[in-house]
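In: Structure for this input, please:
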Amino acid sequence: MAVYSISDLEKLTGIKTHTIRMWEKRYQLIKPSRTPTNIRYYDDADLRFLMNVVLLNKNGYKISKIAEMEEEEINRKVVQLTAVKKDNQDNLIDAITLAMIDLDEVKFHQIIDKQIEEKGMEKTTIELFFPLLDKIGVLWLAGTIKPAMENFITLLIRQKLVSAIDGIPPEQYENSIKFLIYMPEGETQELSFLFIHYILLSRGYRVINLGTQITILDLQDAYNIHKPEYIFTMINEAQTKIDLKSYLGEMEMYFHKSTILISGYQTAIQTYDIPENTHVLSSMINLLDFLDELKKKQKITPTVKTHNVYSSTV
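Out: Just a heads-up that it's a prediction; the model follows:
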């Protein structure tokens with residue numbers, strides 16, 4: 001059984017500690033347990049219940065009214081809200097967070113499949129997955145969520161992205177412009193990378209995805225086979241110890257006939273020269289704008305419906 005402090009509840013629900021205590025005292029909404037040394041703590045059931053209370057409260061239910069409801073009625077109303085209020089991003093992120101805490105893959109699929117059906121994979125990823133992952137990152141740094149919860153939800157998101165990639169038939173892009181994409185040694189942002197794979201395919205481009213832990217030597221081997229028009233990579237992590245000045249110099253020397261596209265946090269904080277064949281894409285909007293301009297020049301028709309809603313960094 002997981003154990004949470006009241007500050008953990010604040011981080012997970014967004015409700016201030018003093019408000020939670022007021023709800024406890026005035027409405028007896030939840031009753032914390034106590035250790036033999038009289039320290040207050042909460043369990044998974046308390047967290048789930050409080051998140052449901054918060055979701056109802058955010059949607060106009062007064063706390064005094066919620067306090068009069070049986071837990072079964074609260075749960076039923078939460079299910080109705082997450083099914084009906086499809087356009088409320090905060091509701092959906094709260095509901096997915098709760099599915100993560102409960103390790104409830106059925107609830108996750110119900111929410112996400114409906115969103116993908118209505119809005120498409122691109123918009124669902126930008127509006128839901130990226131904000132959710134940002135929230136999980138904050139909770140992880142604060143030590144509020146457990147590793148099993150994070151692994152559970154990231155694997156489910158990965159499944160959706162891989163399924164979307166696999167759902168685009170090869171005949172739609174097999175004779176198109178080639179993008180060779182890879183992640184250097186030490187990089188871990190696989191979900192962003194899979195999303196980029198998807199948006200390239202969705203716009204009709206062919207993608208040769210080399211995956212993670214790729215060296216310049218590995219890249220040369222693949223380059224000699226495919227001679228891609230574009231090479232894309234991301235460099236985010238400081239621990240990769242990649243010096244962009246020398247790294248881009250190597251890329252220009254070996255792959256000068258291709259256009260190099262590079263993104264990631266390190267491109268914003270390091271000092272380096274940008275070779276003539278290289279484009280630095282500082283955000284997701286820059287990447288999508290670049291692809292849309294390229295599409296216009298090449299007159300490529302997207303193979304799946306896309307949505308121009310940009311709110312996240314690469």
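In: Please report how far Phe129 lies from Pro184.
Out: From Phe129 across to Pro184, the span is 23 Å (C-beta to C-beta, to the nearest Å). For the C-beta atoms, the positions are set from N, CA and C on the backbone; glycine is no exception.
In: Show me which of these two is the more surrounded one.
Out: For the pair Phe129 and Pro184, the greater number of neighbours falls to Phe129 (24 against 21), based on other C-beta atoms under 10 Å.
In: give me the low-pLDDT residue ranges for this structure?
Out: Regions of the chain meeting the criterion pLDDT under 70 cover residues 1-2, 81-87, 138-144, 238-239, 299-314.
In: Please enumerate the strands of it.
Out: For the chain, the strands defined by DSSP state E occupy 3-4, 33-34, 40-43, 178-182, 206-209, 230-234, 259-263, 278-281.
In: JSON lines for those, including distance to Asn57?
Out: JSON lines is the format used below for the strands of the chain (distance: least, C-beta to C-beta, whole Å):
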{"stretch": "strand 3-4", "distance to Asn57": "19"}
{"stretch": "strand 33-34", "distance to Asn57": "23"}
{"stretch": "strand 40-43", "distance to Asn57": "18"}
{"stretch": "strand 178-182", "distance to Asn57": "44"}
{"stretch": "strand 206-209", "distance to Asn57": "44"}
{"stretch": "strand 230-234", "distance to Asn57": "39"}
{"stretch": "strand 259-263", "distance to Asn57": "39"}
{"stretch": "strand 278-281", "distance to Asn57": "41"}
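In: closest one to Arg21 among these?
Out: Nearest to Arg21, of all the strands of the chain, is strand 40-43, at 9.5 Å by C-beta to C-beta.
In: then the closest one to CSV, C-alphas only?
Out: Extracted as CSV, the C-alpha positions of strand 40-43 are listed here (Å, rounded to 0.1, in the frame of the first residue of the first chain):
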residue,chain,number,x,y,z
ARG,A,40,-1.0,11.9,9.7
TYR,A,41,-0.9,9.9,6.4
TYR,A,42,-3.2,8.9,3.6
ASP,A,43,-3.5,5.8,1.5
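In: Who are the packing partners of that strand?
Out: In terms of contacts (3 or more C-beta pairs under 8 Å, 6 or more residues apart in numbering; DSSP states H and E), strand 40-43 is packed against strand 3-4, helix 6-13, strand 33-34.
In: And the contacts of the first one?
Out: Among residues not part of strand 3-4, those counted as contacts by C-beta atoms under 8 Å, 6 or more residues apart in numbering are Leu12, Tyr41, Tyr42, Asp43, Asp46, Leu47, Thr144.
In: Give the burial count for the first one, as a bare number.
Out: So the one you mean is Leu12. Using other C-beta under 10 Å, Leu12 has 22 other residues around it.
In: So which other helices or strands are in contact with the helix ranked longest in the chain?
Out: Determined from DSSP state H, the single longest helix within the chain is helix 147-166. Judged by 3+ C-beta pairs under 8 Å, 6+ apart, helix 147-166 is in contact with helix 89-102, helix 105-119, helix 121-124, helix 130-141, helix 190-202.
In: Please tabulate these in JSON lines, including the columns distance to Asp292.
Out: Formatted as JSON lines, the helices and strands packed on helix 147-166 follow (distance: least, C-beta to C-beta, whole Å):
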{"stretch": "helix 89-102", "distance to Asp292": "24"}
{"stretch": "helix 105-119", "distance to Asp292": "19"}
{"stretch": "helix 121-124", "distance to Asp292": "12"}
{"stretch": "helix 130-141", "distance to Asp292": "19"}
{"stretch": "helix 190-202", "distance to Asp292": "10"}
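In: so what are the domain limits for this structure?
Out: Annotated domains of the chain cover 3-165, 170-298 [automatic domain parsing].
In: can you tell me which of the helices and strands packed on strand 40-43 comes nearest to Leu291?
Out: When those are compared for distance to Leu291 using C-beta to C-beta, the nearest one is helix 6-13, at 36.5 Å.
In: mind checking how far the most centrally placed residue in the chain is from Phe232?
Out: Nearest to the mean C-alpha position of the chain, by C-alpha atoms, centre = their mean, lies Phe130 at 3.2 Å. Note on Phe130: its distance to Phe232, by C-beta to C-beta, is 18 Å.
In: residues contacting Gly186?
Out: Neighbouring residues of Gly186 by C-beta under 8 Å, 6+ apart: Gln213, Glu237, Gln239, Thr240, Lys241, Ile242.
In: can you rerun that using 10 Å?
Out: If you count contacts by C-beta atoms under 10 Å, 6 or more residues apart in numbering, Gly186 has them with Thr212, Gln213, Ile235, Asn236, Glu237, Ala238, Gln239, Thr240, Lys241, Ile242.
In: Tell me which of the helices and strands packed on strand 40-43 sits nearest to Ser283.
Out: helix 6-13 (26.9 Å).
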